[in-house]
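Undergrad: Build the 3D model from these lines:
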Amino acid sequence: MESKDLDRQMNEVWRKVSGGDYAPEAPALPADMRRANTDTMRFLRENFSKAETEWKTLLAAKDSQLRDLSAQLDETRLQLEEAKQRWADARENALNQEMATALNLEESKKLLDAQKKNHARETGLLKEVLERTKAEMVALQDRVDAVRKERDEQRRKCDALAVEKANLADGSAGLTARLAEAKEAVERTLAELLAERRGRRDEQGKIKILEAQAAEKIKDLEHMKASWDAERTQWRELWDRERSVWETHRAEFAVWEERLRSEREAWTLKMREQEAKGVENAAGLASVLRESSQWTEKVTQILKLYALKGVELPRAFVSAGAGPSAFKPGKSAARALALTLAGLLLLGGAAWQLYAYRAKVHYKLLSRAAIDLPNPSGFAVTKDGVWFSDWERGLLLKDAKDLATLKVLAAPAGAPLRPAALGVASGGLWTLDMAQLRYARQDFGSGAVLESAKTPGPAPQGAAWDGYNLWAFDASSGQLYKYSLDTGAGAAAAYGLEGVKSLVCMQWVGGRLWVLDNKNKLRRYALAADGFKLLSSQEFISPAPAAFWVDGGKLWTLEKAGKLGRGFEVGIYALKTYT
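TA: Prediction:
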């Protein structure tokens, strides 16, 4: 039973007990009325006893409910105490947290000030980095332009390939249509053959005989083809052997010719030296005789002057005796002449040393850097970077600062490329291709061959561009060849280089031809009307480099790394020359 129903019933019982619901007694009533009132009273008593029982039951339930409420109240008080304790603990924790937060705020302010200072420094550093990044972005933009050019070239190639693919597809469709027509024709022919098969039964034997004969002929043809292939293989081997023998004989002839030329030139040079020495001795003797005659004439004039004036000369001048005090003008003149010649020789030697010093090339090492190429054969320095030619990897462009690879130039399509020397022209790289014995000018971006020229001989060396013409050297003839503006027409002129029979590298620098020969001697030549004139000759860097390049005031060399020669490195030298 709920508390509201219990309270309502309690209120009703209380009104009944208190008599608030009863009316006042009436006056005496008749007997029948009394009897009725007695029955009524009995009924009321019974109802009262019932109501009292219910009331007691309700009171017991109320008491139990009150006990339950008291217990709940005690529990609620305990919970309140616990809640108060928790609130106090929470308040204390909140105060501690506020204090910690205040301390953290102070520390955060300090950290914020330090971070502001760091931010200011970082801002300055970022500005510097931004400036450097701008410069790098400019350099990268140049590289991006080069890559874009290469990408456009590749796109053009892709378009050409797409057109070729479409043409091939059209051809394939045409061939398919032809194949279908041929198939239909074959089917019609087979149908006709099947229709005529009954009438050709007699001819089957002949056909079989002919097929057997055809099979025999085919076998004979295959046997003849195998014999022809074997014979052709033998002829090819014979031709290869003959060619190798011819190449060996040509190399031997070249060596013999080189030896004979060197011996003849050595003998000619020796004869010229002997002739020059004889001419010098004759010139010296004539000069001594001329100076002696002049000195004798001067002494004779002095003696005549003294004789005309009547002056008596000392006996040392006029005595004809051969004693030790006699005057000997020949010895005095020879002594004076010797002193004069000695002075002239000293002055000439000093002048020659000064001339030799100013004629040579002076260089000082600045840095060295290793390169990751297995077999480099040449290099050239341009504004885009350093181009290297490698016998295995072809042409590569590297950064001039750290020698990082920027680009690998693709080899010409359908042809091998074995680059041995490089020369920089206005529109591309002149490459000595030893695979096909030719000079090829390749585009900087795509590597396509723009023009080519056959080598002047079987042993080409070097490649130099003077701004207008291509120059090449051939070791078999020992001549320097100049190509015309139309390089396909071949060499236009040939020149001899004094002291050079085989070279490693050459380059035109400031109108002068710099040549490094196989004996590690650096020579410089000037082109005159009658040929090349030797300006200077000197021993080059040790160990001997594989190639060199002059770029402004710097000398670049390609050298072997270390004494064991494992790998290669690039050396950069400060260059000084005198005009």
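Undergrad: pretty sure residue 293 is in a helix, no?
TA: Yes. The assignment for residue 293 is a helix, going by DSSP: H, G, I helix; E, B strand; the rest coil.
Undergrad: show me what contacts it?
TA: Contacts of residue 293 were listed using CB atoms under 8 Å, 6 or more residues apart in numbering, and none were found. (Each C-beta comes from the backbone N, C-alpha and C, glycine too.)
Undergrad: Find the centremost residue of the protein, please.
TA: residue 405 (0.6 Å; CA atoms, centre = their mean).
Undergrad: What residues does that one make contact with?
TA: 372, 396-398.
Undergrad: let's see it at 6 Å
TA: Residues counted as contacts of residue 405 (CB atoms under 6 Å, 6 or more residues apart in numbering) are 396, 398.
Undergrad: for it, which residues make a bridge with it?
TA: Residue 405 has these beta-bridge partners by DSSP bridges: residue 398.
Undergrad: burial measure for residue 59, as a count.
TA: With neighbours defined by other CB atoms under 10 Å, the count for residue 59 comes to 13.
Undergrad: In which helix or strand does it reside?
TA: According to DSSP states H and E, residue 59 maps onto helix 31-195.
Undergrad: Which elements pack onto that helix?
TA: helix 3-18 (3 or more CB pairs under 6 Å, 6 or more residues apart in numbering; DSSP states H and E).
Undergrad: Just the mean pLDDT for the helix it packs on, thanks.
TA: Helix 3-18 shows a mean pLDDT of 69.
Undergrad: Now the phi/psi pair for residue 420, please.
TA: Note on residue 420: backbone dihedrals following degrees, to the nearest 10 are phi -120, psi -20.
Undergrad: Tell me how far it lies from residue 521.
TA: 20 Å (CB to CB, to the nearest Å).
Undergrad: State the phi and psi torsions of residue 259.
TA: For residue 259, the backbone dihedrals are phi -60, psi -50 (criterion: degrees, to the nearest 10).
Undergrad: How many residues are close by it?
TA: Neighbours of residue 259 using other CB under 10 Å come to 10.
Undergrad: repeat for residue 192
TA: For residue 192, the neighbour count with other CB under 10 Å is 10.
Undergrad: check contacts around it.
TA: Contacts of residue 192 (CB under 6 Å, 6+ apart): none.
Undergrad: Can you give me the pLDDT of it?
TA: The predicted local confidence for residue 192 is 83.
Undergrad: gap between it and residue 520?
TA: Using CB to CB, we find residue 192 at a distance of 86 Å from residue 520.
Undergrad: got it, and residue 74?
TA: Residue 74 is 114 Å from residue 520, by CB to CB.
Undergrad: pLDDT (mean, whole number) over the strand or helix carrying residue 282?
TA: Residue 282 is located in helix 203-309, with elements delineated by DSSP H and E. Regarding helix 203-309, the rounded mean pLDDT is 79.
Undergrad: likewise stretch 93-102?
TA: Stretch 93-102 carries an average pLDDT of 87.
Undergrad: Below-threshold pLDDT in the chain: ranges please.
TA: By pLDDT under 70, the weakly predicted segments of the chain are 1-4, 6-7, 10, 13-14, 16-37, 303-344, 347-351, 413-414, 562-566, 579.
Undergrad: what residues go with each domain of it?
TA: If you go by automatic domain parsing, the domain ranges for the chain are 1-16+42-137, 362-576.
Undergrad: Please identify the deepest-packed of these.
TA: Of all these, domain 362-576 has the most neighbours on average by mean count of other CB atoms under 10 Å, namely a mean of 17.
Undergrad: give me the number of residues near residue 301?
TA: Neighbourhood size, residue 301 [other CB under 10 Å]: 10.
Undergrad: Any figure for the gap between it and residue 289?
TA: The value you get for residue 301 to residue 289, if CB to CB is used, is 19 Å.
Undergrad: coming back round to it: rebuild the domains of the chain as CSV, extending it with distance to residue 269.
TA: Listed next are those as CSV, based on distance: least, CB to CB, whole Å:
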stretch, distance to residue 269
domain 1-16+42-137, 57
domain 362-576, 10
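Undergrad: Of those, which is nearest residue 277?
TA: Proximity to residue 277 (CB to CB) singles out domain 362-576 among the domains of the chain, at 19.7 Å.
Undergrad: Can you get me the start-to-end distance on the closest one?
TA: Domain 362-576 stretches 5 Å from its first residue to its last (CA to CA, to the nearest Å).
Undergrad: can you check stretch 433-446 too?
TA: Span of stretch 433-446 from end to end, CA to CA: 17 Å.
Undergrad: Which secondary structure state is assigned to residue 415?
TA: coil.
Undergrad: For it, which non-adjacent residue is closest in space?
TA: residue 436 (6.8 Å; CB to CB, 6 or more residues apart in numbering).
Undergrad: is it true that that neighbour lies in a helix?
TA: No. Read with three-state DSSP, residue 436 is coil and lies in no helix.
Undergrad: Which strand or helix spans the closest residue to residue 512 other than its chain neighbours?
TA: In space, and not counting its chain neighbours, residue 512 is closest to residue 524: 5.2 Å by CB to CB, 6+ apart. Taking DSSP H and E as the criterion, residue 524 maps to strand 521-528.
Undergrad: any idea which helix or strand comes after that strand?
TA: As the chain continues past strand 521-528, the following element, by DSSP H and E, is strand 531-539.
Undergrad: Check which helices and strands that following strand is in contact with.
TA: strand 521-528.
Undergrad: Can you list the strands that the strand it packs on pairs with?
TA: strand 512-517 (antiparallel), strand 531-539 (antiparallel).
Undergrad: Residue 477 should be in a helix, yeah?
TA: No. Counting by three-state DSSP, residue 477 falls outside a helix, being coil.
Undergrad: quick one: contacts for residue 69?
TA: Applying CB under 6 Å, 6+ apart, no residues contact residue 69.
Undergrad: how much space between it and residue 79?
TA: In this view, residue 69 and residue 79 are 15 Å apart by CB to CB.
Undergrad: just residue 131 next, same as before
TA: According to CB to CB, residue 131 stands 71 Å off from residue 79.
Undergrad: and if you look at residue 366?
TA: 89 Å.
Undergrad: got it, and residue 187?
TA: As for residue 187, its distance to residue 79 is 104 Å (criterion: CB to CB).
Undergrad: From residue 254, how far off is the nearest residue in space to residue 476 that is not next to it in sequence?
TA: Once flanking residues are discounted, residue 476 sits nearest to residue 459: 4.3 Å by CB to CB, 6+ apart. Counting by CB to CB, the separation of residue 459 from residue 254 is 7 Å.
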